[in-house]
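Enquirer: mind folding the following:
(one chain, ligands or ions: 1)
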Amino acid sequence: MTCLECKKELSYLDHKASMETYGVELCSKHTRRLDKLIKVNNTPLGAIRLYYALKEIGVYPMLEWWDGKKSVDIAISRVKLNIEIETEYQMLTHEQAMNNLEETMHSFKNGFTTIRIPHVVIKHYLHETVQSIIGIIEGLKVNIKVI
Ligand SMILES: [Zn+2]
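Expert: Numbering: from 1, shown residues only. Next up is the predicted model:
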């Protein structure tokens, strides 16, 4: 059991605490750093799980990346992909839906692709979600080369 960030050996308690809170293995220092990040950005738990799942397979994601206007849950800058985790999609009002669409439009204009993933998908199909994102990254790479 080692910390996913710094590879430090984890004590039983550190391991238990981070697994119970985030479902990933982190040392106390990196758990605290994540606590702070989440407090500031209101990061959904799904974003944390997905971030570490992507990191594990060698994608270089960024958590809570500031795009100049807003914080993006996860960004993969190499292919200009933004990933937003939807936590309250059942209660999405038409204003929120319109805002989302406009945000997506602005990102597209800047060369970024935004995808929105419901948190339940990450909860139940993390592996499949990661596979789909890999596919999207490959597709984006091909398109970047064409341009
Ligand atoms: Zn650590």
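
Enquirer: strands along the chain, start to end?
Expert: Counting by DSSP state E, one finds strands in the chain at the ranges 62-66, 71-76, 81-86, 113-118.

Enquirer: which residues touch the last one?
Expert: Pointing back at strand 113-118 there. 46, 50, 72, 79-86, 89, 100, 103-104, 107-108, 129, 133, 136, 140 (CB atoms under 8 Å, 6 or more residues apart in numbering). Heads up, the C-betas are built off the backbone N, CA and C, glycines and all.

Enquirer: what does the third one give?
Expert: Around strand 81-86, the neighbours that count as contacts under CB under 8 Å, 6+ apart are 44, 46-47, 50, 61, 65, 67, 72-76, 92, 107, 112-119, 122, 133, 136-137, 140.

Enquirer: hmm, which of those are the buried ones?
Expert: 44, 46-47, 50, 61, 65, 67, 72-76, 107, 112-114, 117-119, 122, 133, 136-137, 140 (16 or more other CB atoms under 10 Å).

Enquirer: around the ion, pick out the residues from the protein.
Expert: Within the chain, the positions lying close to the ion (CB under 5 Å from the ion) are 3, 5-6, 8, 27, 30.

Enquirer: list the helices and strands the longest helix along the chain packs on?
Expert: In the chain, taking DSSP state H as the definition, the longest helix is helix 126-146. Here helix 126-146 touches helix 45-56, strand 81-86, strand 113-118, going by 3 or more CB pairs under 8 Å, 6 or more residues apart in numbering; DSSP states H and E.

Enquirer: quick check: angle from the last one to strand 71-76?
Expert: This points to strand 113-118. If you take axes from the mean of the first three to the mean of the last three CA atoms, to 10 degrees, strand 113-118 sits at 110 degrees to strand 71-76.

Enquirer: helix or strand with the lowest mean pLDDT in this protein?
Expert: Using mean pLDDT, DSSP states H and E, helix 94-109 stands out as the lowest-scoring helix or strand of the chain, at a mean of 89.

Enquirer: picking that back up, can you flag the buried ones in the residues of the chain next to the ion?
Expert: By 16+ other CB under 10 Å, those give 3, 5, 8, 27, 30 as buried.
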